[in-house]
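# Generate a structure from the sequence data that follows.
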Amino acid sequence: MGTQIFVNFATDDLERSKAFYTALGCEINPLFTDENAACIVWDEQVYFMVLTREYFATFTDKKIADSRATAQVLVALSRESREDVDRTLEAGVRAGGAEPRPAQDLGFMYSRDLEDPDGNILEFLYMDPAAAEQGPAAFTSEESPGS
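Down below sits the predicted model:
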């Protein structure tokens, strides 16, 4: 089966979070969803557990950060194309998210940031296959012979 990733986020409004993530194309796994938490399914390997702030607090003795004011982690998810990155961001903004900074286009990689309604930062990116396999220099060397 391989490694599966479960990212846990605290939310102030579970229903709002469920609506936001389904607007991005995710599904909700009802077997792991109740009044305290929702299992957001990206694919067979990647899941977000969106937990009410109170329930999230039961998993740690640390203070729960206010994700609107503090960034603890940036979760990056790849997309199949630059257009998929743009479509995902547009859907996220329409669903109540925000784009906190301009797109980054490094040639070999294109990325855009999306804040969910609770302020958690998601990065959506497309990387050129040559760069993904061999590093950014491979993309640069492919581009430079005719330059």
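
# can you tell me the helix or strand for residue 133?
helix 129-134 (DSSP states H and E).

# Flag every buried residue along that helix.
The neighbour-count check on helix 129-134 (16 or more other CB atoms under 10 Å) flags 130, 131 as buried. Every C-beta, even on glycine, is put in place using the N, C-alpha and C of the backbone.

# my guess is residue 67 contacts residue 10, does it?
Yes. With contact defined as CB atoms under 8 Å, residue 67 counts as touching residue 10 (7.1 Å).

# tell me, what's touching the two both at once?
Listed as contacting both residue 67 and residue 10 by CB atoms under 8 Å, 6 or more residues apart in numbering are residue 118.

# for residue 20, what are its contacts?
Counted by CB under 8 Å, 6+ apart, residue 20 has contacts 92, 95, 96, 97, 116, 117.

# okay if I get these as TSV plus distance to residue 24, pLDDT and secondary structure?
Shown next, in TSV, are these (distance: CB to CB, whole Å; pLDDT from 0 to 100; DSSP: H, G, I helix; E, B strand; the rest coil):
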residue	distance to residue 24	pLDDT	secondary structure
92	6	98	helix
95	7	97	coil
96	11	97	coil
97	8	97	coil
116	9	97	coil
117	12	97	coil
